[in-house]
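*Asks:* Predicted coordinates and the sequence they were generated for:
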Amino acid sequence: MKKICMIASIVAASFHASGAMAEDALKIGLTGALTGPVAGTYAPAVEGLRLYVDALNAGGGINGAMVELILQDDGAEPSRAAANAKRFITQDNVVMMINASLSSTFAPSIAETSRAGVPLMFAASACPQEVFPPANANLFCTTAFGAKYDSHAALQFIEGQAGSDIKIGFQAMAIPLSRGEIDYAEGVAASMGMTPVAKEITPPPAPDYSPFASNISDAGAEWVWSWAPWGAQVKTFEALRRLGWSGSYVAYAHLEAESELARVHDETFYLVGANALFTENLPVMQTITAAAQAAGSSYAANQLTEGWIAGMVIEAALKAASDPGDAGSVRDAMSNLTVDLQGLRGGPLVWTETNHFRTTQSYRVYRWNAANNAIETVQDWTSFDVE
Amino acid sequence: MQFAVNILVLASIYALIASGYVLIYRVSRVLNLAHGELMMFGAYLLVTTAAGLSSSPVVAILLALAMSLMVGGLVYLFLMRRMTGEMALAAVLTTVALGILLRGLILMFWSASPQHPRDTLGWENPVLMLPGDARISLFAALLVASTILVYAGLFAFLRFSRWGMRMRAAGQNPLLAAQRGINLHAVFALAWALSTFTGAIAGMLIALDSGLDSTMVMIGLKAFPAALVGGLDSLLGALIGALIIAAAEVGVIKYVDPLLADVIPFAVLVVMLVIRPWGLFGTREELDRV
């Protein structure tokens, strides 16, 4: 019943709030893949953001003004994302728009917000090239994973563990972003002296991952680097294990990673990620857990980090803006922003005029420790300058 | 040998799902485009029964299967029955709407997080060694066995049972069947129930083998070419079609390029539509009705 009430509240939030709040609130529009096959990647983050905004409003909002988060589902369809963006700008007069959806929805979102001068922030969705230096003035990204940097972090970790004289396999999903990253990683691995022996691009999704895993196993890969949505990563790994493959597997730590690491409990299944896992039990993690429990969230608290971070950034941007009710003012504030993420990542999120990704990207590596029956940090924060 | 096992497992998945498309089309001439969602819904029902009856795994599975059977019947009684006598296109569009509704309901009640009913039930998924150093997981082996049992059961049911004969009669000539006293609504409801039941078996076994999330619906769609290649009104055709599609897909993954895995089922389908539009074992009359 609690779940249904929560879902009803989300649905209610997708409509205009009535009365004074709708008049005075600082409106933020979010178009996201809340339903459809890829919802698992985005819906928990949106839930985290919603909880953060609720907590922010409960604490008095931004200088007394409430923040109204208008949620619109786009089902990862570009046409619906375009309609949502148009509505946010022409009807709702939002001061900021957020995209939490597939990259196919980026173009219409960017076009609409750029025309109106409303800042567009990507949260949980992939960071587009335009947020990296030299950044587009209107586009920003809080999402943890970052193309190219993720592969460098993973391959450096593998090199540190096993040296360069190894056979390495790759796994990606048949979507442009994932394929592009794995193609890039293959080149980097070769330049590091590693021998790429297999590159499996799996469909979204495959009914059975064994045929792909067979190729990796037959090629004699000792290590595998996988950069794809969570299901493809973990299912390829489990298919490899079923085939008797005994190598080591490195995957990106998506939202689902923490719960899944405990389920898979394999000591050579490593996760490279930019978000801290909740095993640390930091105060901010306790706050997120309490908020999730109070709201009866259907998602584990450790899946809400991305949304929570987006909420922290929104709060900081609105507070820093000279006029938080004006989109241009909010955009200017976002272009020179430092947000203390309280340990949720390896350092603060810093945006400058030319860098709307972050100036430093940090990674940790985790795995399951069977002896302790717990997740352990294999490699502490390693930072890369984003230039 | 592992190559053959991979084909067999994939073919079983496609065949089990395709049987649901065929059952409904054969009896009522409706193309059920919500079959993937109904399959996924069955798997999510197992998530619920497993959570409530984790100490009695077999009961949890049987209950989920019984509920799937019931869901299929109810879909017909409360939705598809209204479409009887309407244009086939209206019925097909209704199934599209049903699919969208089911996807929303699943997200509302079970969230978009990955689910692992096997862990909830406390079961392991050991690897079975086969000749030629091939390997298969227990639940993949059960999937193959279930496909054989389901098809054997359906062939026997349609050929020898009274209700099976009624279903065949309704499929061949509904007007004549009705004039002979066959209750068409009961026959159609049974077809929907059985179709959802077989789809749910596939969904549950996939979920028990490798987990469950909202992407499962796309697996349901991937089985569609198997049904079309075999002939939409032929169970035997679905079986053979699934084998052809799976062999082509696994062969391409191994020998050509894994990237083509998504394309090859539809490439085979296009070739079949050009050469023999009614499928390998379908009948030409049925195609005319389409």
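*Replies:* Ah, there it is.
*Asks:* How much space separates residue A:81 from chain B?
*Replies:* Noted for residue A:81: a distance of 17 Å to chain B, by Cβ to the nearest Cβ, to the nearest Å. For glycine as for every other residue, the C-beta is placed from the backbone atoms N, C-alpha and C.
*Asks:* confidence score at residue 111?
*Replies:* Using chain A. We have a pLDDT of 93 for residue A:111.
*Asks:* ah, I was thinking of chain B
*Replies:* 82.
*Asks:* check which helix or strand covers the closest residue to it other than its chain neighbours.
*Replies:* Spatial nearest neighbour of residue B:111, excluding adjacent residues (Cβ to Cβ, 6 or more residues apart in numbering or on different chains): residue A:298 at 3.9 Å. Counting by DSSP states H and E, no helix or strand carries residue A:298.
*Asks:* ok now do residue B:114, which residues does it touch?
*Replies:* For residue B:114, the contact set (Cβ atoms under 8 Å, 6 or more residues apart in numbering or on different chains) comprises A:40, A:230-231, A:256, A:260, B:211-213.
*Asks:* would JSON lines of those residues with pLDDT and neighbour count be doable?
*Replies:* Rendered in JSON lines, the data for those read as follows (pLDDT from 0 to 100; neighbours: other Cβ atoms under 10 Å in any protein chain shown):
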{"residue": "A:40", "pLDDT": "83", "neighbour count": "25"}
{"residue": "A:230", "pLDDT": "91", "neighbour count": "20"}
{"residue": "A:231", "pLDDT": "90", "neighbour count": "29"}
{"residue": "A:256", "pLDDT": "89", "neighbour count": "25"}
{"residue": "A:260", "pLDDT": "90", "neighbour count": "24"}
{"residue": "B:211", "pLDDT": "90", "neighbour count": "21"}
{"residue": "B:212", "pLDDT": "91", "neighbour count": "26"}
{"residue": "B:213", "pLDDT": "87", "neighbour count": "27"}
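*Asks:* Mind checking which of those residues are in helices?
*Replies:* If you go by DSSP state H, those have A:40, A:230-231, A:260 in helices.
*Asks:* List just the nearest of the contacts of residue B:114 to residue B:187.
*Replies:* Nearest to residue B:187 out of the contacts of residue B:114 is residue B:212 (Cβ to Cβ; 31.7 Å).
*Asks:* That closest one contacts residue B:115, correct?
*Replies:* Yes: counting by Cβ atoms under 8 Å, residue B:212 does reach residue B:115; the two are 4.5 Å apart.
*Asks:* so what sits against both of the two?
*Replies:* Common neighbours of residue B:212 and residue B:115, counting by Cβ under 8 Å, 6+ apart, are B:44, B:47.
*Asks:* Run through the residues of the stretch 51-200 of chain B sitting next to chain A.
*Replies:* B:103-104, B:107-114, B:116, B:119, B:125, B:127, B:135-137, B:140 (Cβ under 8 Å from any Cβ of the partner chain).
*Asks:* go with 6 Å
*Replies:* Applying Cβ under 6 Å from any Cβ of the partner chain, we find that the stretch 51-200 of chain B lies next to chain A at B:104, B:107-108, B:111-112, B:114, B:127, B:135, B:137.
*Asks:* can you redo the residues you listed as CSV with secondary structure?
*Replies:* Shown next, in CSV, are those (DSSP: H, G, I helix; E, B strand; the rest coil):
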residue, secondary structure
B:104, helix
B:107, helix
B:108, helix
B:111, coil
B:112, coil
B:114, coil
B:127, strand
B:135, strand
B:137, strand
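*Asks:* Pipe these into TSV and attach distance to residue A:190 per row.
*Replies:* Conversion of those to TSV gives the following (distance: Cβ to Cβ, whole Å):
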residue	distance to residue A:190
B:104	46
B:107	42
B:108	47
B:111	41
B:112	37
B:114	33
B:127	33
B:135	31
B:137	34
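*Asks:* got a winner among those for most neighbours?
*Replies:* When these are compared by neighbour count (other Cβ atoms under 10 Å in any protein chain shown), residue B:112 ends up highest, at 28 neighbours.
*Asks:* I figured that residue hits residue A:42, correct?
*Replies:* No: using Cβ atoms under 6 Å, residue B:112 is not in contact with residue A:42; the gap is 8.0 Å.
*Asks:* now for the helix or strand that contains residue A:109, which elements pack on it?
*Replies:* Element membership of residue A:109, judged by DSSP H and E, is helix A:106-116. Judged by 3 or more Cβ pairs under 6 Å, 6 or more residues apart in numbering or on different chains; DSSP states H and E, the packing partners of helix A:106-116 are helix A:78-87.
*Asks:* Closest residue of the stretch 51-200 of chain A to chain B?
*Replies:* residue A:200 (5.0 Å; Cβ to the nearest Cβ).
*Asks:* quick one: the helices in the stretch 151-300 of chain A?
*Replies:* In the stretch 151-300 of chain A, helices defined by DSSP state H, counting those that start in this stretch lie at A:176-191, A:210-218, A:230-242, A:257-264, A:283-295, listed in chain order.
*Asks:* buried stuff in the second one?
*Replies:* Under the neighbour-count criterion of 16 or more other Cβ atoms under 10 Å in any protein chain shown, helix A:210-218 has A:210-217 buried.
*Asks:* What of the last one?
*Replies:* Judged by neighbour count using 16+ other Cβ under 10 Å, the buried positions of helix A:283-295 are A:284-285, A:287-289, A:291-292, A:295.
*Asks:* Centre of the chain to it, how far?
*Replies:* 19 Å (Cα atoms, centre = their mean, to the nearest Å).
*Asks:* go on, the fourth one?
*Replies:* Its chain's C-alpha centre lies 17 Å from the corresponding centre of helix A:257-264 when counted by Cα atoms, centre = their mean.
*Asks:* Which positions within it qualify as buried?
*Replies:* Residues of helix A:257-264 classed as buried: A:257-261, A:264 (neighbour count, 16+ other Cβ under 10 Å).
*Asks:* now swap in the longest one and tell me
*Replies:* Taking 16+ other Cβ under 10 Å as the basis for neighbour counts, the residues of helix A:176-191 that come out buried are A:177-179, A:181-182, A:184-186, A:188-189.
*Asks:* mind putting those residues in TSV, distance to chain B and pLDDT included?
*Replies:* As requested, these are arranged in TSV below (distance: Cβ to the nearest Cβ, whole Å; pLDDT from 0 to 100):
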residue	distance to chain B	pLDDT
A:177	15	86
A:178	12	89
A:179	8	90
A:181	15	93
A:182	11	95
A:184	16	96
A:185	16	97
A:186	14	96
A:188	21	96
A:189	18	97
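*Asks:* between these, which is nearest residue A:26?
*Replies:* When the buried residues of helix A:176-191 are ranked by distance to residue A:26 (Cβ to Cβ), residue A:177 comes first, at 31.4 Å.
*Asks:* Was I right to think that closest one contacts residue A:126?
*Replies:* Yes: using Cβ under 6 Å, residue A:177 and residue A:126 qualify as a contacting pair, with a distance of 5.2 Å.
*Asks:* Look up the closest residue to the residue of the stretch 51-200 of chain A closest to chain B, ignoring the ones flanking it.
*Replies:* Excluding the flanking residues, the one nearest residue A:200 by Cβ to Cβ, 6+ apart is residue A:212, at 4.2 Å.
*Asks:* Chain neighbours aside, what residue packs nearest to residue 156?
*Replies:* If you meant another chain, say so; for now it's chain A. Among residues not flanking residue A:156 along the chain, residue A:382 sits closest, at 7.2 Å (Cβ to Cβ, 6+ apart).
*Asks:* actually chain B
*Replies:* residue B:164 (7.9 Å).
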